[in-house]
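Visitor: A structural model of the following input is requested.
(one chain, ligands or ions: 1)
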Amino acid sequence: MAQRLDGKALAQKIQAQLATDISQRDPNLRPPGLAVVMVGDNPASAAYVRNKERACDRIGITSFGSHLPADTAQETVAELIDQLNNDERVDGILIQLPLPSHLDSVALLNRIAPDKDADGLHPENMGRLMRGEAGLRSCTPAGVMAVLKEYNIDATGQKAVVLGRSILVGKPMALMLLAANATVTMAHSRTEDLPALCRQADILVAAVGRPNMINSDWIKPGATVIDVGINRIEDETSGKARLVGDIDFASVEPIAGAITPVPGGIGPMTVTMLMHNTVLSYRKRFNG
Ligand SMILES: Nc1nc(=O)c2c([nH]1)NC[C@@H]1CN(c3ccc(C(=O)N[C@@H](CCC(=O)O)C(=O)O)cc3)C=[N+]21
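Guide: Have a look, this model is predicted:
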């Protein structure tokens, strides 16, 4: 049976460390601040935003929530971002995605001051990642790398396959694994014979958003399997909503060497890396 990589436990450990760091700051300094911008009423987004605000409270980060109506104009969101860029209390800004379709998300993400880009999605931070320079890193792939580190899984010389090529996860994930000396393949919906390719992976990262897509036929025995998928499905027996990943956990667990569960795997690490980035920006601002 695979070792379970407990993202939830690691998230709690890192959050406790961040809380200690913040509590030991110079008492004359204000606490770190994170602004979360949400537009519209996507219920999943609302739940994620609540999680982030709760994490802020636990750690001692001040959260500034802006909840705008679904029909808010581009210009209004842009002005809010400008205001947060100039707000001395704010170290990190996050625009909850997806935005309603009438809004140009790329233009809005690019408007965030790079040194407040808690999500690590600004071209400057993405460029820094590509160049191997220090910068704010995208939260989900950074969370994956933190899990690998915690469990002493060294990517050096390993064949890593990243399934999914999104700007939020797949692309930065591949660059981080490359920086960790893995031999990286980026696979996606147009890749031929995905199962055969995935079977070569020592480290497989699934970030496609298709519930239970990957079963044991896709897995090299002993591989490290990282499930980034967060899919809400209806449970066949109970009829209740249930969270599953892209990996068919029951099928893969007996074959893999190590595996992240959903929930309790990479999801909590994403939130934790957001907190980490906010504290990093804060420290840079105050040379602390
Ligand atoms: N600008 C932006 N940045 C994001 O990082 C971002 C986003 N937009 N939009 C939506 C996705 C999704 N996302 C998750 C974060 C935490 C959990 C999480 O904590 N999940 C828990 C379970 C939560 C539950 O039960 O609902 C777990 O996997 O254990 C899930 C999903 C961040 N995203």
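Visitor: tell me the residues of the chain that contact the ligand?
Guide: 47-48, 51, 94-97, 119, 139, 230, 243, 262-264, 267-268, 270-271 (CB under 6 Å from any ligand atom). Any C-beta I mention is one placed from the backbone N, CA and C, and that applies to glycine too.
Visitor: and these, which of them are in strands?
Guide: Secondary structure defined by DSSP state E assigns 94-95, 243 of the residues of the chain next to the ligand to strands.
Visitor: buried ones from those residues, can you make that a PyMOL selection?
Guide: Only the buried entries of these go into this PyMOL selection, using 16 or more other CB atoms under 10 Å:
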select buried, resi 94+95
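Visitor: tell me which residue in the stretch 51-200 of the chain sits closest to the ligand.
Guide: Nearest residue of the stretch 51-200 of the chain to the ligand (CB to the nearest ligand atom) works out as residue 97 at 3.7 Å.
Visitor: ok, how many other residues are close to that residue?
Guide: Residues near residue 97, counting by other CB atoms under 10 Å, number 16.
Visitor: just the buried members of the residues of the chain next to the ligand?
Guide: Buried members of the residues of the chain next to the ligand, counted by 16+ other CB under 10 Å: 48, 94-97, 119, 139, 230, 262, 264, 267-268, 270-271.
Visitor: turn those into a markdown table, including pLDDT.
Guide: Shown next, in a markdown table, are those (pLDDT from 0 to 100):
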| residue | pLDDT |
| --- | --- |
| 48 | 91 |
| 94 | 97 |
| 95 | 97 |
| 96 | 97 |
| 97 | 95 |
| 119 | 97 |
| 139 | 98 |
| 230 | 95 |
| 262 | 98 |
| 264 | 98 |
| 267 | 97 |
| 268 | 97 |
| 270 | 97 |
| 271 | 97 |
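Visitor: now, those residues that are in helices?
Guide: 48, 139, 267-268, 270-271 (DSSP state H).
Visitor: and those residues, which is closest to residue 195?
Guide: The nearest member of those to residue 195, counting by CB to CB, is residue 267 at 25.4 Å.
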